[in-house]
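**Student:** I would like to see how this sequence folds:
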Amino acid sequence: MRGARRGLRLASGLALLLVSAAPERAAAPRLAIGRLQYDGGGDWYGNPSSLPNLIDAINIRTALRVEPTEVRVKLTDPALADLPFLHMTGHGTVKFSDAEVRALRAWIAEGGFLHADDNYGLDESFRREITRVFPDRELVDVPLSHPIYHLVYDFPRGLPKIHEHDGKPARGYGIFVGDRLAVYYSYQSDLGNGWENVGTYNDPPELHEQALRMGVNLFTYAATSRPTP
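**Tutor:** Modelled structure (predicted):
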């Protein structure tokens, strides 16, 4: 895929830039992570310690400076326009209004990055709603060569498997807008569970670390691939 090849040429340089929090970067503009509040009955607020832990990891491990508190937004909130990264999760049903469908497509077209994390139960309704947002594009497997798997931490086998449910392998799906990966859907992985405090589940600390590393890659890609106005 042309976008993946182009991104790989940039990946090594970006990684060197981002993993070293040099003092001269301290004055860089601060970024924020949004959590999507949606209708339909799903628990959009799930995994409460996940994003705080991910934000800490990004601030400690990269030169990016992220606001310490997640921003909870609906798709029609004006605050969405300033966010480079929007995370959504849950176990239940997602339902977007027509206005939300238009708002999400417009935000992504302007450079926004959506990370949807299936927390075991989101799959059917997410696929239905993202098809409403992008009826002209398909969710496809993100190739293992894509920089999202290599930008800061190396995942040669792709999305890590954090939580077991049905015994299915973890799959990383995406929607591309031009060369840019604009939507990343982590399926059968439960990254959000992995980001939560160690001990919340019975997963070992090693999986917590793998989940955080993948999350750092996701946000770093979102923050560095956003088109310049």
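**Student:** contact partners for the residue nearest in space to the middle of the chain?
**Tutor:** Centroid check for the chain by CA atoms, centre = their mean gives residue 115 as the closest residue, at 3.2 Å. By CB atoms under 8 Å, 6 or more residues apart in numbering, the residues touching residue 115 are 85-88, 183-186, 218, 222. (Glycine included, C-beta is placed from N, CA and C.)
**Student:** let's see it at 10 Å
**Tutor:** The contact partners of residue 115, by CB atoms under 10 Å, 6 or more residues apart in numbering, come to 33-34, 36, 85-89, 183-186, 191-192, 215, 218-219, 221-222.
**Student:** in helices only, show me those residues.
**Tutor:** Using DSSP state H, the subset of the contacts of residue 115 located in helices is 191-192, 215, 218-219, 221-222.
**Student:** next, format these as TSV and append distance to residue 145 and neighbour count.
**Tutor:** Below are those laid out as TSV (distance: CB to CB, whole Å; neighbours: other CB atoms under 10 Å):
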residue	distance to residue 145	neighbour count
191	20	28
192	25	28
215	20	27
218	16	25
219	20	25
221	14	26
222	19	25
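**Student:** work out for me the element the residue nearest to the centre of the chain sits within.
**Tutor:** Element membership for residue 115 (DSSP states H and E) is strand 113-118.
**Student:** can you list the strands that that strand pairs with?
**Tutor:** strand 85-90 (parallel), strand 180-187 (parallel) (DSSP bridges).
**Student:** what mean pLDDT does the helix or strand following it have?
**Tutor:** Using DSSP H and E, the helix or strand that follows strand 113-118 in sequence is helix 123-133. Per-region confidence: helix 123-133 scores 97 on mean pLDDT.
**Student:** pull out the buried residues from helix 123-133.
**Tutor:** Within helix 123-133, the residues scored as buried using 16 or more other CB atoms under 10 Å are 125-127, 129-130, 133.
**Student:** check stretch 184-196 too.
**Tutor:** Quick answer for stretch 184-196 (16+ other CB under 10 Å): 184-196.
**Student:** quick check: residue 212 is in a helix.
**Tutor:** Yes. Assigned with DSSP: H, G, I helix; E, B strand; the rest coil, residue 212 falls within a helix.
**Student:** residue 143 versus residue 176, what's the distance?
**Tutor:** Residue 176 sits 11 Å away from residue 143, going by CB to CB, to the nearest Å.
**Student:** I meant residue 207, not that one.
**Tutor:** Taken as CB to CB, the span from residue 207 to residue 143 is 24 Å.
**Student:** what do you get for residue 210?
**Tutor:** From residue 210 to residue 143 the distance is 20 Å (CB to CB).
**Student:** and residue 152, by the same measure?
**Tutor:** From residue 152 over to residue 143 the distance is 18 Å, taken as CB to CB.
**Student:** one more: residue 122?
**Tutor:** Distance from residue 122 to residue 143, by CB to CB: 23 Å.
**Student:** the more surrounded of those two?
**Tutor:** residue 122 (25 against 15; other CB atoms under 10 Å).
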